[in-house]
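Visitor: Quick one, structure for this:
(one chain, ligands or ions: 2)
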Amino acid sequence: MLDRTDDHVEATIRELDDVDLPAGEVTIDVEWSTVNYKDGLAYAGRPGVVDRYPIVPGVDLAGTVHSSDDPRYGPGDRVTVNGCRMGERHWGGHAERARVPADWVVRLPDAIDTRTAMAIGTAGLTSMLCVLALERHGLTPDDGTVVVTGSSGGVGSVAISLLARRGFRVAAVTGRTEEEPYLRRIGAVEVVDRAELAGPGRPLASERWAGGVDAVGSHTLANVLSATAYGGVVAACGLAQGMDLPASVAPFILRGVTLVGVESVVTPHDRRVAAWDRLATDIDRDLLETMVTEVGLGELPDVTARILEGKVRGRVVVDVRR
Ligand SMILES: C=CC(=O)SCCNC(=O)CCNC(=O)[C@H](O)C(C)(C)COP(=O)(O)OP(=O)(O)OC[C@H]1O[C@@H](n2cnc3c(N)ncnc32)[C@H](O)[C@@H]1OP(=O)(O)O
Ligand SMILES: NC(=O)C1=CN([C@@H]2O[C@H](COP(=O)(O)OP(=O)(O)OC[C@H]3O[C@@H](n4cnc5c(N)ncnc54)[C@H](O)[C@@H]3O)[C@@H](O)[C@H]2O)C=CC1
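Guide: Ligands and ions are numbered 1, 2, ... in the order given. The predicted structure follows:
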């Protein structure tokens, strides 16, 4: 439970009753949750994320339906809920039980168990939405290299593995050069030092990439755009460097580059289901497991602080029962 006292946010573990849960048609026995960058922002009390306290944090959950007032779901169904303002204004997944509106619930494909669902989580779902966006705009492996920024993190790691599995040549941008073996193992064929892209760049640079998945924003995204080849497409989903975009229109008007915004929190239900169905076929579960660190509820204050410092590699899975 996150409580705000004066200007400080405190996380504590509490025993609650079902009657304390928020309104919703579906009550879920949560088995696994996860830690996303946004959970880091929430635990740290950063503005613009949590808008009502006290709140059970956690923007993701996976588990089985305990009870449902909606005929689409029944006890024992394996489900996941991602985003939908959970952990922001509705109680979230860092708990053993949750209650949510039925429209938020996604039935898990047979190939994805509840732990794998949280190894994917919002970060992986967002990566899939980015890949689908690149494909929707016509990008194919024959077009050339796709660059992934924030590559050792959750969104970046899953994006690399999904793109590599589809046959794309992937360049990973990282500030953690010691992670080069990890990045190559999950599918990158080129590793770029993030210092190359971190500062102010030229309006138009030499053509270097056919497309990109950007989890970083700011100068990094501006530099990715300026080095994207004619007709290329870049999916932007993150702000790890900053929310600003100090770019020029040159890539758009001189090279016809497309910048696609990717949003996972209130994505329509049919688009979520399509992304989970693609994840069921495209995710390499053994490779995904090599990206995972498992923690219990008591470790969340520490892990959420570390994700904001850029020190968490890959994905974190939370065992809510320990
Ligand atoms: C898993 C997902 C992610 O990780 S997403 C990245 C993490 N999210 C963030 O870092 C969001 C942080 N948010 C902010 O910093 C601020 O909310 C802001 C800068 C985006 C806007 O703050 P500001 O104080 O300038 O404006 P308002 O709060 O008055 O809002 C203006 C207007 O926008 C609507 N709005 C605010 N937040 C969101 C949001 N997350 N999604 C969609 N819309 C948002 C807000 O309701 C206002 O609209 P109005 O019609 O006037 O109500
Ligand atoms: N649009 C959406 O719906 C979603 C957006 N996001 C956003 O995507 C971003 C990444 O999320 P996660 O992968 O979960 O976080 P993460 O912390 O696992 O990954 C972020 C990566 O960015 C790197 N990084 C940190 N500071 C940097 C800087 N100044 N310059 C370059 N790289 C830097 C980190 O080292 C790390 O590898 C976050 O900004 C998050 O808010 C995440 C999920 C959904």
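Visitor: Where does R184 sit: helix, strand or coil?
Guide: Here R184 is recorded as helix under DSSP: H, G, I helix; E, B strand; the rest coil.
Visitor: Tell me the spacing between it and ligand 2.
Guide: According to CB to the nearest ligand atom, to the nearest Å, R184 stands 16 Å off from ligand 2. Bear in mind the C-beta positions are built from the backbone N, C-alpha and C, glycine included.
Visitor: does ligand 2 sit close to stretch 110-119?
Guide: No: Stretch 110-119 lies out of reach of ligand 2 by CB under 6 Å from any ligand atom, never closer than 12.6 Å.
Visitor: for that stretch, which positions count as buried?
Guide: 112, 114-119 (16 or more other CB atoms under 10 Å).
Visitor: Does L288 touch S161 like I think?
Guide: Yes: between L288 and S161 there is a contact at 6.9 Å, judged by CB atoms under 8 Å.
Visitor: more neighbours, those two?
Guide: A count of neighbours by other CB atoms under 10 Å puts S161 above the other of L288 and S161, at 25 against 21.
Visitor: what kind of secondary structure is that one in?
Guide: helix.
Visitor: From ligand 2, how far out is it?
Guide: On the measure of CB to the nearest ligand atom, S161 and ligand 2 end up 13 Å apart.
Visitor: ok, now T258?
Guide: In terms of CB to the nearest ligand atom, T258 sits 17 Å off from ligand 2.
Visitor: Give me the neighbour count for the residue lying closest to that residue once chain neighbours are set aside.
Guide: Spatially, and ignoring its direct neighbours in sequence, T258 is nearest to V233 (4.4 Å; CB to CB, 6 or more residues apart in numbering). The burial count assigned to V233 is 22, neighbours taken as other CB under 10 Å.
Visitor: Pull up the per-residue confidence for V233.
Guide: Looking at V233, its pLDDT is 98.
Visitor: again with D6
Guide: pLDDT, D6: 81.
Visitor: Pick out the residue of this protein closest to ligand 1.
Guide: G48 (2.4 Å; CB to the nearest ligand atom).
Visitor: quick one: that residue is in a helix?
Guide: No: checked against three-state DSSP, G48 lies outside a helix; its state is coil.
Visitor: list the contacts for it?
Guide: G48 makes contacts with L41, as judged by CB atoms under 8 Å, 6 or more residues apart in numbering.
Visitor: that older thread, hey, what's the residue nearest to T258 bridged with?
Guide: In this structure, V233 bridges to G211, T258 when assessed by DSSP bridges.
Visitor: Can you give me the domain assignment for the protein?
Guide: 2-107+291-319, 122-261 (automatic domain parsing).
Visitor: Now render these as a markdown table, adding distance to D284.
Guide: Formatted as a markdown table, the domains of the chain follow (distance: least, CB to CB, whole Å):
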| stretch | distance to D284 |
| --- | --- |
| domain 2-107+291-319 | 10 |
| domain 122-261 | 6 |
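Visitor: Go through those domains and pick out the most buried.
Guide: domain 122-261 (a mean of 21; mean count of other CB atoms under 10 Å).
Visitor: Between the two ends of that one, how far is it?
Guide: The stretch domain 122-261 measures 16 Å between its terminal residues, going by CA to CA, to the nearest Å.
Visitor: which element is the closest residue to P141 other than its chain neighbours on?
Guide: Leaving aside its sequence neighbours, P141 sits nearest to G167 (CB to CB, 6+ apart; 4.0 Å). Taking DSSP states H and E as the definition, G167 sits outside all helices and strands.
Visitor: unless I'm mixing things up, G167 is touching V146, no?
Guide: No: if you go by CB under 8 Å, G167 and V146 don't touch, sitting 10.6 Å apart.
Visitor: Mind jotting down where the helices sit in the chain?
Guide: 37-43, 114-136, 154-165, 180-185, 218-226, 250-255, 269-282, 285-289, 300-308 (DSSP state H).
Visitor: could the ones you listed go into JSON lines alongside mean pLDDT?
Guide: Formatted as JSON lines, those follow (pLDDT from 0 to 100):
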{"stretch": "helix 37-43", "mean pLDDT": "97"}
{"stretch": "helix 114-136", "mean pLDDT": "98"}
{"stretch": "helix 154-165", "mean pLDDT": "98"}
{"stretch": "helix 180-185", "mean pLDDT": "98"}
{"stretch": "helix 218-226", "mean pLDDT": "98"}
{"stretch": "helix 250-255", "mean pLDDT": "98"}
{"stretch": "helix 269-282", "mean pLDDT": "98"}
{"stretch": "helix 285-289", "mean pLDDT": "97"}
{"stretch": "helix 300-308", "mean pLDDT": "97"}
